[in-house]
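# Just need the structure, nothing else, for what follows:
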Amino acid sequence: MNSDTSANVLYVDDEVHNLNAFKASFRRKFNVFTANSAVEGRQVLESEDIHVIVTDQRMPVTTGIEFLESVIPDFPDPIRILLTGYADINAVIDAINKGQVYRYIQKPWMEDDLRINIEKAFELYMLRKENKDLTASLIEANKKLEDLLRGNLDS
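Below is the predicted model:
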């Protein structure tokens, strides 16, 4: 991973003091974007290249899981982390099955633990991107080789 590259992290939470605490804690380590609703979160995703999404589970209108599930079709690449102050096994199961959540972390978060999990999520994002890029290169190289071989067989 390139040390010059900093993770773009979107944090979605309806509680303004949590948004401020997150930004204050992580703004020196990551490029932090915040949103206080699922609607605002989607707007950030549409305008920024987000690598990691961290969202609170309990929000009015749309839960964190519903938000994550709703953005997967349009934004499948960001790695997703769910935060909650409530231990709800059904939420954990839904997070994994519907929201494709990488980590489920309880509030209040431990700053070092959350930072490490965001760093690991960003590493996973970069590895997946590199894998996708390499696969595309291999497909293109294979296509060129097939065209070359086909040309030699025709002559």
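
# going forward, measure contacts and count neighbours with C-alpha atoms only.
Noted.

# need the longest helix for the protein.
Longest helix of the chain, by residue count under DSSP state H: helix 111-154.

# For that one, name the packing helices and strands.
Counting contacts by 3 or more Cα pairs under 8 Å, 6 or more residues apart in numbering; DSSP states H and E, helix 111-154 is packed against strand 52-56, strand 79-84.

# weakest of these in terms of mean pLDDT?
Among these, strand 79-84 has the lowest mean pLDDT, at a mean of 92.

# Give me the contact list for that one.
51-58, 64-65, 68, 95, 99-107, 121-122, 124-125 (Cα atoms under 8 Å, 6 or more residues apart in numbering).

# Could you identify the buried members of these?
51-58, 64-65, 68, 95, 99-106, 121-122, 124-125 (16 or more other Cα atoms under 10 Å).

# tell me the secondary structure for Val44?
What DSSP: H, G, I helix; E, B strand; the rest coil gives for Val44 is helix.

# how deep is it tucked in, by neighbour count?
16 (other Cα atoms under 10 Å).

# wait, doesn't it sit right on Asn36?
No: shown here, Val44 and Asn36 do not form a contact pair, counting by Cα atoms under 8 Å, at 11.0 Å.

# Following the chain past the least confident helix or strand in the chain by mean pLDDT, name the next helix or strand.
Of all helical and strand segments in the chain, the minimum by mean pLDDT, DSSP states H and E falls on helix 89-97, at a mean of 70. Using DSSP states H and E, the next helix or strand after helix 89-97 towards the C-terminus is strand 103-106.

# sorry, back to before: quick check: angle from the longest helix of the chain to strand 79-84?
150 degrees (axes from the mean of the first three to the mean of the last three Cα atoms, to 10 degrees).

# Helix 111-154 versus strand 52-56: what angle between them?
Using the same axes, to 10 degrees: helix 111-154 against strand 52-56 is 140 degrees.

# State the mean pLDDT of helix 111-154.
On average, helix 111-154 scores 92.

# Next: stretch 17-27.
The model assigns stretch 17-27 a mean pLDDT of 96.

# CA-only coordinates of it in PDB, if you can.
The C-alpha trace of stretch 17-27 is given here as PDB (Å, rounded to 0.1, in the frame of the first residue of the first chain):
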ATOM      1  CA  HIS A  17     -21.500  15.100  18.800                       C
ATOM      2  CA  ASN A  18     -20.500  11.700  17.600                       C
ATOM      3  CA  LEU A  19     -19.700  13.100  14.100                       C
ATOM      4  CA  ASN A  20     -17.600  15.800  15.700                       C
ATOM      5  CA  ALA A  21     -15.800  13.300  18.000                       C
ATOM      6  CA  PHE A  22     -15.100  11.000  15.100                       C
ATOM      7  CA  LYS A  23     -13.700  13.900  13.000                       C
ATOM      8  CA  ALA A  24     -11.600  15.200  15.800                       C
ATOM      9  CA  SER A  25     -10.200  11.700  16.500                       C
ATOM     10  CA  PHE A  26      -9.400  10.700  13.000                       C
ATOM     11  CA  ARG A  27      -8.900  13.800  10.800                       C
END
